[in-house]
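>>> Okay, sequence plus prediction incoming.
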Amino acid sequence: MDQAKTVNAIFTQQSASIDTFTATTPVAYNTASTLTWTTSNMSSCGITADRTVTGFPKTNLNANSNVATGLLTQDPTTFTLTCIKNPGTSGNNTATAVVRVLPQPVTNTPLTSQTCGG
């Protein structure tokens, strides 16, 4: 005679998260920042900027990586990282990083010598 067995199983949903999203800041006017991120249970990511930045938006990036921004001239510039969660996971899949851009340096124009009429 077969005996029935009871199996108690507990299923937990894995958490997906953006663990870090950082930027080198501040940066000098017309120079690049480096954006770096790490994630858990994400498959790929993309980054957008709130201002016009050459090369953005970026898509199909690794879930743990870094990228240079291109030359920045507007302060501040906010970058948003959005990642795709692995199936069966829950959690936040967006993060932002703000890059401060220092003012454009003032260039002094040399004075030229002039003579007054005489």
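Looks like it arrived, so ask away.

>>> low-confidence ranges in this structure?
1, 11-12, 111-118 (pLDDT under 70).

>>> Tell me where it has strands.
With DSSP state E, the ranges of strands along the chain come out as 14-15, 17-23, 34-40, 42-49, 58-61, 65-68, 77-85, 89-90, 94-99.

>>> Rebuild the ones you listed as TSV, extending it with distance to Asp2 and mean neighbour count.
Heads up, the C-betas are built off the backbone N, CA and C, glycines and all. Listed next are the strands of the chain as TSV, based on distance: least, CB to CB, whole Å; neighbours: other CB atoms under 10 Å:
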stretch	distance to Asp2	mean neighbour count
strand 14-15	36	13
strand 17-23	45	17
strand 34-40	43	19
strand 42-49	44	19
strand 58-61	53	13
strand 65-68	54	15
strand 77-85	42	20
strand 89-90	38	14
strand 94-99	52	17
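
>>> could the ones you listed go into a markdown table alongside distance to Pro110?
Below are the strands of the chain laid out as a markdown table (distance: least, CB to CB, whole Å):
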| stretch | distance to Pro110 |
| --- | --- |
| strand 14-15 | 61 |
| strand 17-23 | 37 |
| strand 34-40 | 36 |
| strand 42-49 | 37 |
| strand 58-61 | 42 |
| strand 65-68 | 35 |
| strand 77-85 | 33 |
| strand 89-90 | 62 |
| strand 94-99 | 33 |
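
>>> Indicate which one of the ones you listed is closest to Gln3.
Smallest distance to Gln3 across the strands of the chain (CB to CB): 34.4 Å, for strand 14-15.

>>> mind listing what that closest one pairs with, with the direction of each?
Here strand 14-15 is paired, per DSSP bridges, with strand 89-90 (parallel).

>>> gap between the strand it pairs with and the chain center?
Taking CA atoms, centre = their mean, to the nearest Å, one finds strand 89-90 lying 21 Å from the centre of the chain it belongs to.
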